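1. sequence and computational prediction follow.
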Amino acid sequence: QVQLVESGGGLVQAGGSLRLSCAASGRTFSDYSISWFRQTPGTEREFVAAISWNGITTRYEDSNKGRFAISRDNAKNTVYLQMNSLKSEDTAVYYCAADSDYYKAYSQPQYWGQGTQVTVSS
């Protein structure tokens, strides 16, 4: 079992930046690949970014490339999502998720956090 807790969300103006954190506890953190997803009311969760257990491999949804950066610190059991040049359409609840399989981590992850709200004002 892996427990995930997101933090760092909030209100920011368009063009601004936020850094989200996903803190993990439970099983060995470095055994897991981690992804970020987001969801707005009435829509399905959509993939944002993923990082492999060792941080070497990353993947981004196309619209986020160049604006978002995912990273991890296994010594701190934490994954980060740096979001720059934020747009109003980035407003959503952001969730981190984990799976021991990298490909499942960004498609059907086993573990989910509770989410953190990001609101971008225009």
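-> Great, that's in hand.

2. hey, let's count contacts and neighbours off CA atoms from now on
-> Fine.

3. wait, Ala14 touches Ser88, no?
-> Yes - if you go by CA atoms under 8 Å, Ala14 and Ser88 touch, sitting 6.3 Å apart.

4. tell me, what's touching those two both at once?
-> Shared contacts of Ala14 and Ser88, defined by CA atoms under 8 Å, 6 or more residues apart in numbering, comprise Val120, Ser121, Ser122.

5. excluding its backbone neighbours, what's nearest Asn74?
-> In space, and not counting its chain neighbours, Asn74 is closest to Ser30: 6.0 Å by CA to CA, 6 or more residues apart in numbering.

6. tell me if that neighbour really is in a strand.
-> No - checked against DSSP: H, G, I helix; E, B strand; the rest coil, Ser30 lies outside a strand; its state is helix.

7. check contacts around the spatially closest residue to Asn84 that is not a sequence neighbour.
-> Counting by CA to CA, 6+ apart, Asn84 lies nearest to Ser17, which is 4.4 Å off, once chain neighbours are set aside. By CA under 8 Å, 6+ apart, the contact set of Ser17 is Gln82, Met83, Asn84, Ser85, Leu86.

8. one more time with 7 Å, if that's ok
-> Going by CA atoms under 7 Å, 6 or more residues apart in numbering, Ser17 touches Met83, Asn84, Ser85, Leu86.

9. now those residues as CSV including neighbour count, pLDDT and secondary structure?
-> Below are those laid out as CSV (neighbours: other CA atoms under 10 Å; pLDDT from 0 to 100; DSSP: H, G, I helix; E, B strand; the rest coil):
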residue, neighbour count, pLDDT, secondary structure
Met83, 19, 98, strand
Asn84, 17, 98, coil
Ser85, 15, 97, coil
Leu86, 22, 97, coil
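
10. quick check: the gap between the residue nearest to Asn84 and Cys96.
-> Ser17 sits at a distance of 18 Å from Cys96 (criterion: CA to CA, to the nearest Å).

11. go on, Lys104?
-> Plainly put, Lys104 is 13 Å away from Cys96 if you go by CA to CA.

12. got it, and Gly115?
-> Gly115 sits 7 Å away from Cys96, going by CA to CA.
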